[in-house]
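Peer 1: the following block contains a protein sequence and its predicted model.
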Amino acid sequence: MKNRYLLCLLLCCALIYIALPRLNVHAQGLEGIFSLSWIAFALLVFAGNLAALLFFNKKSLKKHQVKTMHKDTEGRRIRPKGTT
C-alpha cells in the first residue's frame, strides 16, 4: 500500500511540475478560473497522498481485509480457523 501512495505522490509532483509553467493564473475569465481550480485540486491530491503515506498504519490494513469462506468436502461453507 505504501508503494501505491508513493507512486501517486510522485506522479502528482510530475504533473504539477509539467503543468505549472503552462497555466496562466493571471488570465481573465474562464482560463484563469480553470488554472486556479486545477492548481487547487492538484494540491489537494498531493496533500491527501502525503497524509496517507505519512500516517499509514498496518492495523487499519488488517481491519479492512476480507475473510473468505472455505468449503468442506461436502460443499458446505465453513469459517476460517481462528474465527468465531
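Peer 2: Here it is on my side, so go on. Numbering: from 1, shown residues only.
Peer 1: ranking helices and strands of this structure by mean pLDDT, which lands last?
Peer 2: When the helices and strands of the chain are compared on mean pLDDT, DSSP states H and E, strand 70-71 comes out lowest with a mean of 62.
Peer 1: strands of the protein, start to end?
Peer 2: For the chain, applying DSSP state E gives strands covering 70-71, 77-78.
Peer 1: buried set for the top helix by length along the chain?
Peer 2: In the chain, taking DSSP state H as the definition, the longest helix is helix 30-54. The neighbour-count check on helix 30-54 (16 or more other CB atoms under 10 Å) flags 35, 38, 42, 45-46, 49, 52-53 as buried. C-betas here are computed from N, CA, C, even on glycine.
Peer 1: and it, how far out from the chain's middle?
Peer 2: In this view, helix 30-54 has its centroid 13 Å away from the chain centroid, taken as CA atoms, centre = their mean, to the nearest Å.
Peer 1: and it, average pLDDT?
Peer 2: Helix 30-54 carries an average pLDDT of 94.
Peer 1: likewise stretch 9-19?
Peer 2: Stretch 9-19 comes out at a mean pLDDT of 94.
Peer 1: how far is it from where the chain is centred?
Peer 2: Stretch 9-19 has its C-alpha centroid displaced from the chain centroid by 15 Å (CA atoms, centre = their mean).
Peer 1: would you put the C-alpha positions of stretch 1-21 in CSV?
Peer 2: Output of stretch 1-21 as CSV, limited to C-alpha atoms (Å, rounded to 0.1, in the frame of the first residue of the first chain):
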residue,chain,number,x,y,z
MET,A,1,0.0,0.0,0.0
LYS,A,2,2.8,2.4,0.8
ASN,A,3,4.2,1.9,-2.7
ARG,A,4,0.9,3.0,-4.3
TYR,A,5,0.8,6.2,-2.2
LEU,A,6,4.4,6.9,-3.1
LEU,A,7,3.8,6.3,-6.8
CYS,A,8,0.7,8.6,-6.7
LEU,A,9,2.7,11.3,-4.9
LEU,A,10,5.5,11.2,-7.5
LEU,A,11,3.0,11.3,-10.4
CYS,A,12,1.2,14.2,-8.8
CYS,A,13,4.6,16.0,-8.5
ALA,A,14,5.4,15.3,-12.1
LEU,A,15,2.0,16.6,-13.3
ILE,A,16,2.4,19.8,-11.2
TYR,A,17,6.0,20.3,-12.5
ILE,A,18,4.8,20.0,-16.1
ALA,A,19,1.6,21.9,-15.9
LEU,A,20,2.5,24.9,-13.6
PRO,A,21,4.5,26.8,-16.2
